[in-house]
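Student: Model the structure of this input:
(one chain, ligands or ions: 1)
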Amino acid sequence: MYDVVIIGAGVVGGMIARKMAEYKLKICILEKDSDVAMGATKANSAIVHGGFDAKAGSLKALLNKRGSDMMEDICRELGVRYRRNGSLVLGYSDEDKKTLEGIMENGIKNGIEGLEIIGRERIKELEPNISDSVEWALYASTGAIVCPYGLAEAAIGNAMDNGVELKLNHSVRKIKKLENKFEICVDNEKSILAKTVINAAGIYSDEVAGMAGDTSFDVHPRKGEYILLDREAGDVVSHTLFTVPTKMGKGILVSPTVHGNLILGPTAVDGEDKENRKTEREGFDKIIAESARMVKNIPLNLTITSFCGLRSVGSTGDFIINMPMRGFVNVAGIESPGLSASPAIAEYVVELLENNGFKFAKRDDFNPYRESVEKFSEMTEEEKNQLIKKDPSYGKIVCRCENVTEGEILKAIRTNPKATTLDGVKRRTRAQMGRCQGGFCSPYIMELISKELGIPIEKVKKSSNEAYILSGRTKEDVHNA
Ligand SMILES: Cc1cc2nc3c(=O)[nH]c(=O)nc-3n(C[C@H](O)[C@H](O)[C@H](O)COP(=O)(O)OP(=O)(O)OC[C@H]3O[C@@H](n4cnc5c(N)ncnc54)[C@H](O)[C@@H]3O)c2cc1C
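Tutor: Residues are numbered from 1 along each chain as shown. Reported below is the predicted structural model:
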């Protein structure tokens, strides 16, 4: 019997697990996929929003501000990449200027500092490649960028190092309310019992709530497609550039990433299918046209990949964080700014439970720190030599595009939450993330995974259990005949 079961290993479930690990509790995270951060957390804009555009007085506004204030310290504790690069919402006319003033006013109501309307000359100083038609901008000095899946992995890894269990490939199918506890039926195991259940199941959080008998809200997917450019294009802009937001979201942005790439997107397309992550020509055309309005000469020839994320749009218009029955907490409809708000959401959940009579005792041995993974390519020559002397596997470059060593890959396979797939290694180390997208290094990484996990190489998957890479050995049938 667990004290707490968290359903969903995204950034929200991860932050809640880490927060709750501060207490004397037996905690388990159940995740349906084969790795952590496989939902919205792995495919978003990666912005720590300043907090100026969430509607004043909403839960989104409150938790965005608090989360953005907390983020830098949390990233330092967890060894996650974070950069306060500031953001600009761009306007093209005096009409847009009025809209920007309205957003600034909303931001001031939200308690956001460092907001300013600036004109073309100042914009040009900040962003020399800005398009000629941009006249005005709302500058927010508190805007930042972060590695979203890195944050979720680190939060979950730190929670695990503090005793939290993670069960992957555990899809929750049914939840039964018993007296003072819940029985959770999952794939792959007999039922799990928990005193408290936290529903952080992202796009499926309405269905998980429904399993417990709460049908008070729906969540629908809103697709967001992206184009990612090589690191050679990473300094085209230094701030995050937005267009004026619409009722569908924050609009298309052009931003550097913490790894030095340039990201363009996302689109905003409502749908019904919670698994449709297809990118489409129409979406790309929109991204290209909108970003060209913002920035001159974006080198689209440096495009290395495209991807799509699904926003969890809740039917209430705000984050849905409530306790519809004693011990069952919904953390649902966590669309943008959910990444920015995630540490504050975790605090809010604990407060919600405590305000409803749950008493948690703090432990005195909680360790908030997580050793950051050595980034070989960023070390000085002396540091590199020392590391290679200590562990020769750091002397072998496996991914040539991103300069990732065998040592870093082995560490990713051995550190909580352990990478077991090619994409798991990719997100943790950046091997296969460069311009060849794994064309050269993936066979060797498969060998490393196979050896470390003690599984045949044919069993090494790209991502989920269905995503096999090798179907068998060449001429196997002939050999066996
Ligand atoms: C296009 C886009 C752009 C965005 N940009 C930003 C941004 O720039 N800044 C920002 O702050 N926010 C942004 N967001 C929002 C942010 O990404 C999300 O708020 C955040 O990632 C939500 O995290 P989560 O943990 O709630 O959901 P998820 O990451 O989706 O995690 C939910 C997890 O639950 C698991 N799960 C589902 N059902 C079950 C089940 N039955 N049993 C077990 N496990 C289950 C899923 O597999 C998944 O791993 C963006 C989102 C999108 C899609």
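Student: And for the residue in the stretch 251-400 of the chain that the ligand sits nearest to, the neighbour number?
Tutor: Nearest residue of the stretch 251-400 of the chain to the ligand, counting by C-beta to the nearest ligand atom: Gly338, 1.9 Å away. Heads up, the C-betas are built off the backbone N, CA and C, glycines and all. Summarising burial for Gly338: neighbours were counted as other C-beta atoms under 10 Å, giving 27.
Student: Could you verify my assumption that it touches Phe319?
Tutor: Yes. At 7.4 Å, Gly338 counts as touching Phe319 under the criterion of C-beta atoms under 8 Å.
Student: which residues are common contacts for the two?
Tutor: Common neighbours of Gly338 and Phe319, counting by C-beta atoms under 8 Å, 6 or more residues apart in numbering, are Ile345.
Student: Enumerate the residues of the stretch 101-250 of the chain near the ligand.
Tutor: For the stretch 101-250 of the chain, the residues in contact with the ligand (C-beta under 6 Å from any ligand atom) are 171-172, 200-204, 208, 224.
Student: got those residues as TSV, with neighbour count columns?
Tutor: Formatted as TSV, those follow (neighbours: other C-beta atoms under 10 Å):
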residue	neighbour count
Ser171	15
Val172	24
Ala200	31
Ala201	30
Gly202	30
Ile203	25
Tyr204	21
Val208	24
Gly224	27
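Student: Show me the two of those that sit farthest apart.
Tutor: For those, the farthest-apart pair by C-beta to C-beta is Val172 and Gly224; their separation is 25.6 Å.
Student: helix, strand or coil for the residue nearest to the residue of the stretch 251-400 of the chain closest to the ligand when sequence neighbours are not counted?
Tutor: Closest residue to Gly338 apart from its sequence neighbours, by C-beta to C-beta, 6 or more residues apart in numbering: Val12 at 6.3 Å. The three-state assignment at Val12 reads helix, by DSSP: H, G, I helix; E, B strand; the rest coil.
Student: Can you give me the domain assignment for this structure?
Tutor: As assigned by automatic domain parsing, the chain contains the domains 82-143+221-310, 376-459.
Student: Including distance to Gly333 and mean pLDDT, could the ones you listed go into TSV?
Tutor: Shown next, in TSV, are the domains of the chain (distance: least, C-beta to C-beta, whole Å; pLDDT from 0 to 100):
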stretch	distance to Gly333	mean pLDDT
domain 82-143+221-310	11	95
domain 376-459	25	94
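Student: Take those domains and lay them out in a markdown table including distance to Asn356.
Tutor: Shown next, in a markdown table, are these (distance: least, C-beta to C-beta, whole Å):
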| stretch | distance to Asn356 |
| --- | --- |
| domain 82-143+221-310 | 27 |
| domain 376-459 | 30 |
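Student: List the contacts of the residue nearest to Lys396 when sequence neighbours are not counted.
Tutor: Leaving aside its chain neighbours, Lys396 sits nearest to Glu406 (4.3 Å; criterion: C-beta to C-beta, 6+ apart). Applying C-beta under 8 Å, 6+ apart to Glu406 gives the contacts 393-394, 396, 398, 448.
Student: For Ile449, see how far away Asn169 is.
Tutor: With the distance defined as C-beta to C-beta, to the nearest Å, Asn169 ends up 16 Å from Ile449.
Student: Likewise for Thr421?
Tutor: Separation of Thr421 from Ile449 (C-beta to C-beta): 7 Å.
Student: Need the residues touching each of the two.
Tutor: Shared contacts of Thr421 and Ile449, defined by C-beta under 8 Å, 6+ apart, are found at Val460.
Student: more neighbours, the two?
Tutor: Ile449 (24 against 21).
Student: check which helix or strand covers the more buried one.
Tutor: helix 442-453 (DSSP states H and E).
Student: What residues sit buried inside the helix or strand just after that helix?
Tutor: For helix 442-453, the succeeding helix or strand toward the C-terminus, using DSSP H and E, is helix 476-480. Buried positions in helix 476-480, judged by neighbour count with 16 or more other C-beta atoms under 10 Å: none.
Student: Leaving aside the residues adjacent along the chain, what's closest to the residue in the stretch 351-481 of the chain positioned nearest to the ligand?
Tutor: Using C-beta to the nearest ligand atom, the closest approach of the stretch 351-481 of the chain to the ligand is made by Ser464 at 9.8 Å. The spatially closest residue to Ser464, leaving aside those adjacent along the chain, is Ser34, at 5.3 Å (C-beta to C-beta, 6+ apart).
Student: phi, psi of the one you found?
Tutor: Dihedral pair for Ser34: phi -90, psi 0, per degrees, to the nearest 10.
Student: List the contacts of it.
Tutor: 168-169, 420-421, 424, 461, 463-465.
Student: which of the residues you listed count as buried?
Tutor: 168-169, 420-421, 424, 461, 463.
Student: so which of those residues would you say is closest to Pro256?
Tutor: Distance to Pro256 across the buried ones among the contacts of Ser34 (C-beta to C-beta) is lowest for Gly424, with 24.9 Å.
Student: Which of the helices or strands spans that closest one?
Tutor: Going by DSSP H and E, Gly424 is part of helix 422-429.
Student: What count of nearby residues applies to the residue nearest to Ile445 when sequence neighbours are not counted?
Tutor: Leaving aside its sequence neighbours, Ile445 sits nearest to Val425 (C-beta to C-beta, 6+ apart; 5.5 Å). When neighbours are counted by other C-beta under 10 Å, Val425 registers 30.
Student: cool, the one 4 residues further on as well?
Tutor: Summarising burial for Thr429: neighbours were counted as other C-beta under 10 Å, giving 26.
Student: And for Asp3?
Tutor: Counted with other C-beta under 10 Å, Asp3 comes out at 16.
Student: and Lys247, how many residues sit next to it?
Tutor: For Lys247, the neighbour count with other C-beta under 10 Å is 5.
Student: what separates it from the ligand, distance-wise?
Tutor: Distance of Lys247 to the ligand, given as C-beta to the nearest ligand atom, to the nearest Å: 16 Å.
Student: Which strands and helices lie in contact with the helix or strand containing Pro343?
Tutor: Using DSSP H and E, Pro343 sits within helix 338-355. If you count contacts as 3 or more C-beta pairs under 8 Å, 6 or more residues apart in numbering; DSSP states H and E, helix 338-355 packs onto helix 11-20, strand 47-48, helix 59-78, helix 148-161, strand 320-325, strand 328-332.
Student: How about residues contacting the first one?
Tutor: Yep, that's helix 11-20 we're talking about. With contact meaning C-beta under 8 Å, 6+ apart, helix 11-20 is reached by 4, 6-7, 27, 29, 31, 36-37, 41, 148, 151-153, 155-156, 158-159, 162, 164, 198, 200, 202, 331, 334, 338-339, 342-343, 345-347, 349-350, 360.
Student: again, only this time at 7 Å
Tutor: 4, 6, 27, 29, 36-37, 41, 148, 151-152, 155-156, 158-159, 164, 198, 200, 331, 334, 338-339, 342-343, 345-347, 349-350 (C-beta atoms under 7 Å, 6 or more residues apart in numbering).
Student: likewise the fourth one?
Tutor: Applying C-beta under 7 Å, 6+ apart, the set of residues contacting helix 148-161 from outside is 9-11, 14-15, 17-18, 21, 29, 36-37, 41-42, 44, 46, 78-81, 166, 339, 367, 370, 415-417, 427-428.
Student: same thing with the last one?
Tutor: For strand 328-332, the external contacting residues (C-beta under 7 Å, 6+ apart) are 12, 16, 182, 197-200, 205-206, 209, 212, 214, 217, 219, 314, 320-324, 345, 349, 352-353.
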